[in-house]
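Chemist: Turn this into a model:
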Amino acid sequence: EAGRRRPDLTGALDAITRRLRDPDDELARRFPQFTGAVMAKGVEDTAFYRWSRFVALNEVGGSPAHFGVPPAEFHRFTAARHVRWPSAMTTLSTHDTKRGEDVRARLAVLSELPDRWTTRVTDWVGRLPLPDPAFAHLLWQTAVGVWPIERERLHAYVEKAAREASVSTGWADPDPVFERALHATVDRMYDDPRLHAELTSFAAEITPAGWSNSLGQKLVQLAMPGVPDTYQGTELWDNSLVDPDNRRPVDFAVREQLLARLGAGWQPPVDSRGAAKLLVVSRTL
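Modeler: Residues are numbered from 1 along each chain as shown. Okay, the predicted model is just below:
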């Protein structure tokens with residue numbers, strides 16, 4: 001593919017390919033050690049923070065260009081997986097997740113309300129403009145996906161995300177002017193009564209549909225071919241963002257108490273406690 005795009009590099013690419021095909025060449029031995037890290041840094045840790053059309057798709061193992069599949073295609077995929085990789089892991093969240101599974105499930109609701117979301121986010125961006133429009137869109141999507149969230153957690157996230165994008169600021173050369181504007185926007189979400197009310201109302205409106213998405217995807221993930229994994233804390237609703245946010249302590253005592261009630265026959269409502277998700281997880285497993 002590189003040769004097709006850059007025919008002027010054909011000679012160099014051919015020389016590299018010859019060496020990579022020689023298992024005794026040191027380059028061939030070291031190449032696999034670096035390609036994964038380079039791919040992750042270039043795609044997951046940079047491009048995924050720059051391309052913000054619909055950030056629920058910007059997930060490790062996913063593609064922002066891939067919006068979903070028809071049921072028949074999904075069944076063909078799982079049938080092939082059952083034959084080829086029956087013991088491979090299935091999961092919705094990991095230590096390296098960019099947004100927790102329930103955050104993505106709520107964000108997926110935006111794809112069903114494109115006109116309303118366009119109106120809403122255009123208004124917010126217009127009132128609080130950032131010099132980086134693509135990142136502004138990532139910021140507002142993320143805020144809606146995790147709201148309500150503690151102020152310090154959102155501040156920490158946006159700073160990391162903006163530096164990973166390396167467009168308006170970066171780890172090696174942070175731009176204090178842009179970062180002050182970014183943090184000021186986050187503070188306005190909490191300190192501006194009108195904005196806070198709008199954000200809270202919109203997030204609350206899409207939350208029930210997000211819960212529905214969460215329960216459905218959890219059932220599919222646990223029941224499809226493969227060995228299911230449940231990342232720490234995601235037995236209940238989890239609004240975690242990228243690490244270190246998704247590595248905060250988990251209150252296992254609460255989960256044990258809810259599990260005991262479920263074991264005694266309690267049928268929980270689908271509400272903010274998340275016991276309905278724990279019911280799906282425990283019963284399916």
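Chemist: Please name the nearest non-neighbouring residue to the residue nearest the centre of the chain.
Modeler: By Cα atoms, centre = their mean, the chain has its centre lying nearest to residue 99, at 3.0 Å. Excluding the flanking residues, the one nearest residue 99 by Cβ to Cβ, 6 or more residues apart in numbering is residue 241, at 5.9 Å. (Each C-beta comes from the backbone N, C-alpha and C, glycine too.)
Chemist: List phi and psi for the one you found.
Modeler: Phi and psi for residue 241, reported as degrees, to the nearest 10, are phi -110, psi -160.
Chemist: Pull the contacting residues for it.
Modeler: Counting by Cβ atoms under 8 Å, 6 or more residues apart in numbering, residue 241 touches 98, 99, 100, 103, 142, 146, 153, 157.
Chemist: ok, those vs residue 47, which is closest?
Modeler: The closest of the contacts of residue 241 to residue 47 turns out to be residue 98 (Cβ to Cβ; 11.6 Å).
Chemist: For burial, what's the neighbour tally of the closest one?
Modeler: Residues contacting residue 98 under the criterion other Cβ atoms under 10 Å number 23.
Chemist: Residue 20 too?
Modeler: 14.
Chemist: hey, where'd the strands end up in the stretch 101-250 of the chain?
Modeler: 227-228 (DSSP state E, counting those that start in this stretch).
Chemist: could you show me where the helices are in the stretch 51-200 of the chain, in order?
Modeler: 71-84, 101-107, 114-127, 133-146, 151-165, 176-191, 193-223 (DSSP state H, counting those that start in this stretch).
Chemist: ok, residues contacting the shortest one?
Modeler: So the one you mean is helix 101-107. 54-56, 59, 92-93, 99, 141-142, 144-146, 203, 206-207, 209-211, 213-214, 217-218, 234, 237-241, 277.
Chemist: what does the fourth one give?
Modeler: By Cβ under 8 Å, 6+ apart, the surrounding residues in contact with helix 133-146 are 49-56, 99, 103-104, 106-107, 110, 121, 124-125, 129-130, 149, 154, 157-158, 161-162, 165, 167-168, 182, 185-186, 189, 199, 202-203, 206, 239, 241.
Chemist: and that helix, how far out from the chain's middle?
Modeler: 12 Å (Cα atoms, centre = their mean, to the nearest Å).
Chemist: Below-threshold pLDDT in the stretch 101-250 of the chain: ranges please.
Modeler: Along the stretch 101-250 of the chain, segments meeting pLDDT under 70 are nowhere present.
Chemist: For the nearest residue to residue 270 once chain neighbours are set aside, give me its contacts.
Modeler: Computed as Cβ to Cβ, 6+ apart, the closest residue to residue 270 that is not its neighbour in sequence is residue 276, at 4.4 Å. Residue 276 makes contact with 211, 215, 268, 269, 270, according to Cβ under 8 Å, 6+ apart.
Chemist: so how many other residues sit close to residue 62?
Modeler: Residue 62: 14 neighbours (other Cβ under 10 Å).
Chemist: For it, give its distance to residue 117.
Modeler: In this view, residue 62 and residue 117 are 20 Å apart by Cβ to Cβ, to the nearest Å.
Chemist: on that earlier part again, narrow the contacts of helix 101-107 to those that are buried.
Modeler: Among these, the ones that count as buried by 16 or more other Cβ atoms under 10 Å are 54-56, 59, 92-93, 99, 141-142, 144-146, 203, 206-207, 210-211, 213-214, 217-218, 234, 237-241, 277.
Chemist: CSV please, covering the helices of the stretch 51-200 of the chain and showing distance to residue 18.
Modeler: Formatted as CSV, the helices of the stretch 51-200 of the chain follow (distance: least, Cβ to Cβ, whole Å):
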stretch, distance to residue 18
helix 71-84, 31
helix 101-107, 43
helix 114-127, 50
helix 133-146, 40
helix 151-165, 36
helix 176-191, 45
helix 193-223, 43
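Chemist: among these, which is nearest residue 248?
Modeler: helix 151-165 (8.6 Å).
Chemist: The closest one to helix 176-191, inter-axis angle?
Modeler: With axes from the mean of the first three to the mean of the last three Cα atoms, to 10 degrees applied, the angle from helix 151-165 to helix 176-191 works out at 150 degrees.
Chemist: angle of helix 151-165 against helix 133-146?
Modeler: Using the same axes, to 10 degrees, helix 151-165 lies at 140 degrees relative to helix 133-146.
Chemist: Report the distance from helix 151-165 to the chain centre.
Modeler: 14 Å.
Chemist: Over to stretch 138-157?
Modeler: Worked out by Cα atoms, centre = their mean, stretch 138-157 lies 13 Å from the chain centre.
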